[in-house]
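S.K.: I'd like to go over a predicted model; first the sequence, then the structure.
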Amino acid sequence: MRSAVVFAILAAAGSARAGSIRCDDVSTADLAVDGLLDDWKQDPVLAKVGVASDGQVELRCSWDGTALAMALDIKDDRVVRVRGKGHEDHVDVSISAGGKPVTVSAYPGNAIAKPKLAAPPKVEVADSLQPKGFSIELRVPAARIAGFSASTPSFDVHIVFHDSDQATGGADHDVTLATTIELGDRKDLLDDFLRQVRLKRADIKLDVMAELDPDRRGKERLVAGGTVIGVLTDQFAFVQLPVPKPADVREIKLVPFGKLSLVQAVVRQIGNGGSRDLLMLWTVWSGQLQPLAQIEVRKELGANVLESTWTLGTGKKGPELVVEPKPAIGWTAETWNEQSADDADSILVPWDPVKGGTAYTLHGHEVERRDLPVRKKKR
């Protein structure tokens with residue numbers, strides 16, 4: 001039996017933005033894309049907009065991990081087609097996963113005109129007249145949707161029924177339904193990840209799709225919250241940041257680095273009467289977060305502060321991260337007696353006569369370091 005979790009929104013207006021819906025999860029390969037609704041009799045309507053007597057759209061759908069199937073029941077008192085050019089009833093459907101949308105256009109067939117169906121290659125679409133309107137059925141392979149990957153959590157769907165009553169003395173108007181289709185298998189993976197790391201959805205501070213993993217096609221999903229950073233593909237992996245509480249996480253973001261993005265975090269560790277900030281960098285390789293570097297960028301003790309800047313630029317070997325010291329506050333070369341870090345690249349000191357900074361470049365999933373000369377002071 002076909003079944004679905006229903007998050008339906010019912011609206012009588014001419015347009016509506018539905019919340020997320022989740023399609024049933026049976027195989028779409030068993031579906032006969034013929035425009036008829038007999039395969040969908042057991043499926044609930046997940047979203048609806050409009051008025052049945054003057055244009056209404058009902059949506060049912062199915063997702064099996066490889067393809068999205070949709071059934072649109074268009075209720076209208078008159079199905080208008082004309083010979084030659086003119087105003088006609090038709091439906092436009094747009095499905096996207098962050099890239100260029102897949103678009104389907106369907107003019108239903110009736111006694112006046114044959115159906116006109118336009119869809120990309122390998123996208124199936126069919127229509128059928130109904131006692132009160134018409135229906136559209138379509139099946140879209142996930143591989144045909146630009147931006148889709150093993151990490152894609154949802155599709156954005158935009159449906160417009162162009163109800164053309166002008167030819168019969170009425171007025172034209174559009175009935176629009178927009179919604180987000182949650183991909184059930186991906187939602188379940190997120191829930192499993194949150195349970196594992198003991199986070200709630202409200203704890204999530206960053207949830208983005210980006211090109212992170214050179215070992216995989218498409219984008220990966222990065223989720224961060226509390227003191228955890230996770231990457232979700234067809235499985236999940238995560239790292240625990242080296243701080244005891246979320247307030248110690250100063251920043252988590254993605255930074256562009258050539259064709260990929262790096263995961264960047266800044267955390268503050270407190271102890272022994274002072275604190276230090278660590279700049280932490282990861283890449284993603286084969287679905288795993290791979291640590292690249294851990295760099296001290298700030299140390300504070302009482303009123304004394306040492307701090308570094310970091311910027312992204314382009315070096316001789318491509319993109320590079322440049323870390324340079326700022327002028328010291330309080331500390332001098334004579335009073336500085338801190339030991340070098342054994343778990344990170346130590347804080348840069350502005351009085352070093354030879355080393356003026358460090359440039360970090362990426363070679364595969366390994367970091368290469370290059371000492372920078374001291375900048376000459378302007379006269």
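M.R.: Good, I have the coordinates. Numbers count the residues shown, from 1 in each chain.
S.K.: Could you use CA atoms for every contact and neighbour count after this?
M.R.: Will do.
S.K.: Strands along the stretch 1-150 of the chain, start to end?
M.R.: 10-11, 15-22, 47-50, 54-63, 67-76, 90-96, 102-107, 116-118, 124-130, 133-141 (DSSP state E, counting those that start in this stretch).
S.K.: Tell me which stretches of the stretch 151-300 of the chain form strands.
M.R.: Under DSSP E, counting those that start in this stretch, the stretch 151-300 of the chain gives strands at 154-164, 172-182, 204-210, 220-225, 228-232, 236-240, 249-257, 260-271, 274-285, 288-301.
S.K.: now these in JSON lines, with mean pLDDT?
M.R.: JSON lines is the format used below for the strands of the stretch 151-300 of the chain (pLDDT from 0 to 100):
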{"stretch": "strand 154-164", "mean pLDDT": "93"}
{"stretch": "strand 172-182", "mean pLDDT": "91"}
{"stretch": "strand 204-210", "mean pLDDT": "92"}
{"stretch": "strand 220-225", "mean pLDDT": "94"}
{"stretch": "strand 228-232", "mean pLDDT": "95"}
{"stretch": "strand 236-240", "mean pLDDT": "96"}
{"stretch": "strand 249-257", "mean pLDDT": "93"}
{"stretch": "strand 260-271", "mean pLDDT": "94"}
{"stretch": "strand 274-285", "mean pLDDT": "95"}
{"stretch": "strand 288-301", "mean pLDDT": "95"}
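S.K.: Dump stretch 288-295 to CSV, keeping only the CA atoms.
M.R.: The C-alpha coordinates for stretch 288-295 follow below in CSV (Å, rounded to 0.1, in the frame of the first residue of the first chain):
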residue,chain,number,x,y,z
GLN,A,288,34.6,12.5,6.4
LEU,A,289,35.7,15.7,8.0
GLN,A,290,39.5,15.8,7.6
PRO,A,291,41.4,18.2,9.9
LEU,A,292,43.7,20.5,8.0
ALA,A,293,45.1,22.9,10.6
GLN,A,294,44.6,24.2,14.1
ILE,A,295,46.1,27.6,14.6
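S.K.: For it, which outside residues touch it?
M.R.: By C-alpha atoms under 8 Å, 6 or more residues apart in numbering, the residues outside stretch 288-295 that reach it are 230-231, 237-239, 278-284, 343-347, 365-367.
S.K.: hmm, which of those are the buried ones?
M.R.: Burial by neighbour count, judged by 16 or more other C-alpha atoms under 10 Å, picks out 230-231, 238-239, 278-284, 345-347 from the contacts of stretch 288-295.
S.K.: Quick check: the farthest pair among these?
M.R.: Val231 and Ile347 (29.0 Å; C-alpha to C-alpha).
S.K.: Correct me if wrong: Val323 contacts Thr358.
M.R.: Yes: applying C-alpha atoms under 8 Å, one finds Val323 in contact with Thr358, separated by 5.3 Å.
S.K.: More neighbours: which of these two?
M.R.: Counted by other C-alpha atoms under 10 Å, Val323 and Thr358 do not tie: Val323 has more neighbours, with 23 against 20.
S.K.: hey, what's the more buried one bridged with?
M.R.: Using DSSP bridges, the bridge partners assigned to Val323 are Trp310, Thr358.
S.K.: quick one: it from Val157, how far?
M.R.: Here Val323 is placed at a distance of 44 Å from Val157 (C-alpha to C-alpha, to the nearest Å).
S.K.: ditto for Leu177
M.R.: In this view, Leu177 and Val157 are 8 Å apart by C-alpha to C-alpha.
S.K.: Between these two, which is the more surrounded one?
M.R.: Leu177 (26 against 19).
S.K.: quick one: the more buried one and His158 touch, right?
M.R.: Yes: the pair Leu177 and His158 passes the contact test of C-alpha under 8 Å, sitting 6.0 Å apart.
S.K.: Now do the contacts for Gly35.
M.R.: Ala71, Val125, Ala126, Asp127, Ser128, Ser135, Ile136, Glu137, Leu138.
S.K.: 10 Å instead, please
M.R.: Counting by C-alpha atoms under 10 Å, 6 or more residues apart in numbering, Gly35 touches 71-73, 108, 125-130, 134-138.
S.K.: and Gly318, what does it touch?
M.R.: Residues counted as contacts of Gly318 (C-alpha under 10 Å, 6+ apart) are Phe257, Gly258, Thr361, Leu362, His363.
S.K.: repeat for Val160
M.R.: With contact set as C-alpha under 10 Å, 6+ apart, Val160 has these partners: 14-15, 57, 90-94, 105, 174-178.
S.K.: What of Leu281?
M.R.: Contacts for Leu281 (C-alpha under 10 Å, 6+ apart) come out as 252, 254-255, 262-266, 289-295, 367.
S.K.: Now for the contacts of Val160: which two are most distant?
M.R.: Taking C-alpha to C-alpha, no two of these sit farther apart than Gly14 and Ser105, at 19.2 Å.
S.K.: Can you pull the poorly scored residue ranges out of this protein?
M.R.: Across the chain, the ranges flagged by pLDDT under 70 are 1-18, 166-171, 377-379.
S.K.: As a quick check, tell me the outermost residue of it.
M.R.: Distance to the chain centre peaks in the chain at Glu334, reaching 50.9 Å (criterion: C-alpha atoms, centre = their mean).
S.K.: Surely that residue is within a strand?
M.R.: No: looking at Glu334 with DSSP: H, G, I helix; E, B strand; the rest coil, it is coil, so not inside a strand.
S.K.: For Val243, see how far away the closest residue to Val267 other than its chain neighbours is.
M.R.: By the measure of C-alpha to C-alpha, 6 or more residues apart in numbering, the closest residue to Val267 outside its immediate chain neighbours is Val249, 4.5 Å from it. Look at Val249 and Val243: by C-alpha to C-alpha, they are 7 Å apart.
S.K.: between these two, what contacts are shared?
M.R.: Thr227, Val228, Val267, Arg268, Gln269.
S.K.: Out of these, which is nearest to Val49?
M.R.: Relative to Val49, the closest of the shared contacts of Val249 and Val243 is Val228; by C-alpha to C-alpha it sits at 40.3 Å.
S.K.: Gln339 and Gln235, how far apart?
M.R.: Counting by C-alpha to C-alpha - Gln339 and Gln235 are separated by 41 Å.
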